[in-house]
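Chemist: With the sequence up front, the predicted model follows.
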Amino acid sequence: LGDILNSSISTREAPVSSPLRAAQEDPTHPDVAKSAFPEPRLAVHEIQGNIIPGFLKDFETLLFLRIEDADLCKLWLSHIHPLIATAEEVLAFNRLFKALRFRRGHETKAIKATWINIAFSYRALRSLTSGTALDLRRKDFLDTSFRSGMARQSSALGDPTDSDAEGHPDNWVIGGPLNEADILLIIQSDDRDDLLDQVQQIEESIYTFRHQGTRFPGGVRILYKEYGATLPGAQAGHEHFGFLDGISQPGIRGYVSDDSTDLLTPRQNPGNPHQGKPGQDLLWPGEFVFGYPGQDVQKPVEEPGQIVRAGPDWAANGSFLVFRRLRQDVGAFHSFLYETGKRLQRSPEFIGAKIVGRWPGGAPLSRTGQEDDAALGYNDCANNDFQYFNASAEQESSTSDEQCARPDRFPLSPADPTGLRCPAFAHIRRAYPRDDITPEGRGDSEAQKSASSRSDTQTHRLLRRGLPFGPPSRSTPDAPFLDSAERGLLFIAYQTSIERQFEFIMQRWLNDPDFKQKGAGFDLLIGQNSNRSRERTAPLVLDDPAQPVTLTATQEWVVPTGGGYFFAPSLSAIEKIFKS
Ligand code: HEM
């Protein structure tokens, strides 16, 4: 019984706050309106719920629409508007769900929900607001990449420029020059049947809906539809290559009701009040939602920067949504791990962990360099608590039931500035270099450079909301299996600057073989070499740092096959649009 109790869900998750908590003296819920840098109240009834806190459902449908008649589309939007889930609703659900699961110790179907969110391309917003008080010719979006759209930015993202290549926008299943979507509807549910019911209702409303006793067509056409879902069984929560995903997300400052101790992100690290869970740095909400203070590269990470604005005033409480359909060739990736492992006399899992920066079960290489540790990977008080430049600090004991008690059964992460343990080319180190010294680092000492790099790095973060699509593969790194099934990741990320966040990460971090030092190599997982050969290499240190072995990937395992840049407006902005 002891083993069963110990392996229960409570070991995976940081303690939860009571969903109906009343204000009280509690270190996980300090009064942030009274702190040295007062945190803002978030307009959770305005912000769409997949931005914060995120739907986190198992089943998803994405509907990509083209506007055919702007006036009819506005009428249809007035019909859809009440169905759009707010941050307030999703947060209330997620809190109750977590509290139930925590107390019961296992997954629960006691409550379930189906949520809808919406986002618009720049072209759609221009057409819907044209000639109205919201017209973008009066005050336009500042983000030039949003205005261009992903297809036109594709070559800058490293995608193939050869129009015969699968990854070229001409061949995308959605979002290419001929099939760019105007509207993206995200429908997610805990239950597959509920999802299908909801999607059917929406599709029917697009065909015809009733307004003041008369039937109208929706003024939009479905261009493309895609299903996503968490993988079944033991692969739940993993992406198709077999790695646990969605472990590391930025923490967000701010409170969500009149009670300024009612925090979006409880402070659960007893050793650091500027983190949510241990290792999860808290950021100012303007990095992800317009109308709030963001980060400032010149100041310590803890201090707020300027209010972040999109351009049009009505864009407050909205966020940019980047969508990318990424096909994954699981058999080819596993064959590479298998062959490379054989050549270097290491296990295929070891090679995979070096490429990702985490073991399949989620444990970071920084904390366990030689083998996977499922308990560490599953423990969210520990699985994100590591740095690269500095060694991890010993944590203080817990001071509250709701904080993370010292997870002392796991080894701490040593300083690893040169990447002996977690290589500089590893996907997670590339996508978020934490306290690494980057070219933006300033100061006389290495420590100062690391601190100023961190301030800059925190202006290049993403809220990731992706889910896998396509059938699970039977391939494993030990027994690779090639097939031609369509599967991959429906990558979705929210941010307030497509240029400074998504595109910067792609161009300056993932695709640059010389970041953060010359010859560091490509992110072999998803980095792209825009040369015609598309070949990618990375130097892997096994025993002797002076003699790394070169890993060479002659093909890409992740290929972009669709995408788009969208804006997810606040609830009141959507109302303004359809009333305009
Ligand atoms: C099929 C494509 C991809 C796969 C298989 C993949 C896989 C993974 C995995 C296994 C993790 C570790 C889990 C975690 O730390 O939460 C991760 C983390 C991450 N990935 Fe990806 N990823 C993909 C695409 C992307 C793209 C396109 C971006 C951004 C442009 C991206 C950015 C990130 C970031 C920011 C993290 C978190 C790093 C951290 O905070 O330490 N990923 N990814």
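Modeler: Yep, that arrived.
Chemist: In contact with the residue lying closest to residue 415 once chain neighbours are set aside, which residues are there?
Modeler: Leaving aside its chain neighbours, residue 415 sits nearest to residue 391 (4.4 Å; criterion: Cβ to Cβ, 6 or more residues apart in numbering). All C-beta atoms are positioned from the backbone trio N, CA, C, and that covers glycine. Neighbour list for residue 391: 412, 413, 414, 415 [criterion: Cβ atoms under 8 Å, 6 or more residues apart in numbering].
Chemist: any chance of these in CSV, with neighbour count and distance to the ligand too?
Modeler: Formatted as CSV, these follow (neighbours: other Cβ atoms under 10 Å; distance: Cβ to the nearest ligand atom, whole Å):
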residue, neighbour count, distance to the ligand
412, 16, 17
413, 22, 12
414, 15, 17
415, 14, 17
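Chemist: Tally up the residues packed near the residue in the stretch 51-200 of the chain that the ligand sits nearest to, please.
Modeler: Closest contact between the stretch 51-200 of the chain and the ligand, by Cβ to the nearest ligand atom, is at residue 157 (8.8 Å). Residue 157 has 20 neighbours, counted by other Cβ atoms under 10 Å.
Chemist: Can you tell me which residues in this protein are near the ligand?
Modeler: Applying Cβ under 6 Å from any ligand atom, we find that the chain lies next to the ligand at 239, 241, 243, 245-248, 324, 326, 328, 356, 358, 427-428, 431-432, 462, 488-489, 491, 502, 505-506, 525-526, 558.
Chemist: Out of those residues, which sit inside helices?
Modeler: Using DSSP state H, the subset of the residues of the chain next to the ligand located in helices is 356, 427, 428, 431.
Chemist: among the residues you listed, who's most crowded?
Modeler: Ranking these using other Cβ under 10 Å puts residue 356 first, with 26 neighbours.
Chemist: wait, what's in contact with that residue?
Modeler: Counting by Cβ under 8 Å, 6+ apart, the residues that residue 356 touches are 241, 243, 426, 427, 428, 525.
Chemist: Against residue 25, how distant is it?
Modeler: Residue 356 sits 41 Å away from residue 25, going by Cβ to Cβ, to the nearest Å.
Chemist: before we move on, what about residue 206?
Modeler: To residue 25, residue 206 is 52 Å away according to Cβ to Cβ.
Chemist: Give me the more crowded residue out of those two.
Modeler: residue 206 (20 against 9).
Chemist: can I assume the more buried one is in contact with residue 222?
Modeler: Yes - Residue 206 lies in contact with residue 222 (Cβ atoms under 8 Å); the separation is 6.6 Å.
Chemist: Identify the residues contacting the residue of the stretch 51-200 of the chain closest to the ligand.
Modeler: By Cβ under 8 Å, 6+ apart, the neighbours of residue 157 are 150, 503, 506, 507, 511, 528, 560.
Chemist: and it, backbone torsions?
Modeler: phi -90, psi 0 (degrees, to the nearest 10).
Chemist: State the pLDDT value of it.
Modeler: Residue 157 is assigned 98 on the pLDDT scale.
Chemist: same check, this time on residue 12
Modeler: pLDDT, residue 12: 50.
Chemist: Does residue 434 belong to a helix, a strand or coil?
Modeler: Put simply, residue 434 is coil when judged by DSSP: H, G, I helix; E, B strand; the rest coil.
Chemist: re the thing from before, out of the contacts of residue 157, which two sit at the greatest distance?
Modeler: 150 and 511 (15.3 Å; Cβ to Cβ).
Chemist: Could you give me the buried positions within the top helix by length along the chain?
Modeler: Longest helix of the chain, by residue count under DSSP H: helix 87-104. Within helix 87-104, the residues scored as buried using 16 or more other Cβ atoms under 10 Å are 87-88, 90-102.
Chemist: same thing with stretch 536-547?
Modeler: Buried residues in stretch 536-547 (16+ other Cβ under 10 Å): 536, 537, 538, 539, 540, 541.
Chemist: Look up the closest residue to residue 442, ignoring the ones flanking it.
Modeler: residue 452 (4.6 Å).
Chemist: so when I look at that neighbour, I'm seeing a helix, right?
Modeler: Yes - under three-state DSSP, residue 452 sits within a helix.
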